[in-house]
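S.K.: Sequence isn't available, so here's the structure alone:
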């Protein structure tokens with residue numbers, strides 16, 4: 001049940017309950033409970049909560065984004081090392097333009113991860129600011145690299161293994177940091193205006209139609225106007241409520257499904273096109289492009305069984 005949005009407390013209680021039942025019956029767990037995956041699936045349906053799903057999601061705190069950033073930097077570092085080895089052998093000259101280009105490539109990835117986290121948290125303003133800043137920084141870095149050219153050498157004949165360690169070290173450090181971060185907790189202090197703003201943002205982040213989102217927010221505003229309770233006291237965490245509303249909205253589920261399919265298929269296709277166009281992988285170009293093309297069909301195959309119009313039935 002790990003990773004299935006079951007709260008840790010509920011998971012521990014269920015484990016103790018099963019262990020006590022096994023001890024009392026004095027029978028093997030398989031004989032007493034039957035197939036373990038089937039039992040786990042049934043328990044997930046009963047014990048999983050929306051609050052836990054939000055807590056462990058991109059919008060629930062920084063852990064998810066930090067882990068994604070570390071994994072992305074590690075992946076970019078590995079690809080860069082392979083390119084250096086293919087193009088330069090065991091040593092390479094390092095110049096300022098190369099450093100600027102490398103940073104300019106990494107910045108949009110980091111910006112996208114941060115923007116995605118802000119979007120999932122219902123903070124569209126912060127998301128826009130991050131995207132604009134990351135885009136401007138990347139364009140500025142590339143423009144500076146073009147203006148400098150390849151004449152500003154920082155170091156000559158640097159061993160590629162040393163460069164490789166320098167390139168993959170940031171990703172590893174961030175992943176270690178992410179693994180040591182404290183458990184995320186959902187915010188419990190809200191004023192009504194901030195709560196309503198985050199509810200609206202959370203609904204839009206789950207692709208609830210704008211008119212439907214406005215209707216829900218307006219309805220809650222009207223109920224709060226005649227209530228002496230705060231929005232959080234009455235309705236709980238805004239992102240939890242937003243997810244519950246979105247899960248019940250067919251349009252939201254359909255949009256999220258299509259986004260998952262298109263992103264899962266489109267990203268490998270774009271990667272394959274870039275590999276073929278750039279022609280920097282030499283004899284590995286065709287095998288790598290072929291693997292990316294094959295991976296582009298994984299999302300449609302996996303996602304077909306999760307299509308919303310079938311699940312609704």
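M.R.: Yes, it's here. What you see is a predicted model, and the numbers here were worked out from it, not measured in a lab. Numbers count the residues shown, from 1 in each chain.

S.K.: C-alpha from now on. contacts and neighbour counts both.
M.R.: OK.

S.K.: Check which residues of the helix or strand where residue 201 lies are buried.
M.R.: Using DSSP states H and E, residue 201 sits in helix 192-205. Using 16 or more other C-alpha atoms under 10 Å as the test for burial, helix 192-205 gives 195, 196, 198, 199, 200, 201, 202, 203, 204, 205.

S.K.: Need those in a markdown table (columns: distance to residue 29).
M.R.: Formatted as a markdown table, the buried residues of helix 192-205 follow (distance: C-alpha to C-alpha, whole Å):
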| residue | distance to residue 29 |
| --- | --- |
| 195 | 46 |
| 196 | 48 |
| 198 | 45 |
| 199 | 44 |
| 200 | 47 |
| 201 | 46 |
| 202 | 42 |
| 203 | 43 |
| 204 | 45 |
| 205 | 43 |
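
S.K.: closest to residue 142 among those residues?
M.R.: When the buried residues of helix 192-205 are compared for distance to residue 142 (C-alpha to C-alpha), residue 205 wins out at 31.4 Å.

S.K.: one step back: and the buried residues of helix 192-205, which is closest to residue 81?
M.R.: Nearest member of these to residue 81, counting by C-alpha to C-alpha, is residue 205, at 36.2 Å.

S.K.: mind checking how far the closest one is from residue 86?
M.R.: To residue 86, residue 205 is 42 Å away according to C-alpha to C-alpha, to the nearest Å.

S.K.: can you check residue 114 too?
M.R.: 32 Å.

S.K.: Next up, the contacts around the nearest residue to residue 89 once chain neighbours are set aside.
M.R.: Leaving aside its chain neighbours, residue 89 sits nearest to residue 160 (7.5 Å; criterion: C-alpha to C-alpha, 6 or more residues apart in numbering). Counting by C-alpha atoms under 8 Å, 6 or more residues apart in numbering, residue 160 makes contact with 81, 84, 85, 89, 90, 91, 92.

S.K.: low pLDDT regions in the stretch 201-313 of the chain?
M.R.: For the stretch 201-313 of the chain, the stretches with pLDDT under 70 are 278-282, 310-313.

S.K.: Break down it into its helices, ranges please.
M.R.: 210-225, 231-235, 238-247, 250-278, 285-295, 298-304, 308-311 (DSSP state H, counting those that start in this stretch).

S.K.: and the ones you listed, which is most packed in?
M.R.: Most buried of the helices of the stretch 201-313 of the chain, by mean neighbour count (mean count of other C-alpha atoms under 10 Å): helix 238-247, with a mean of 21.
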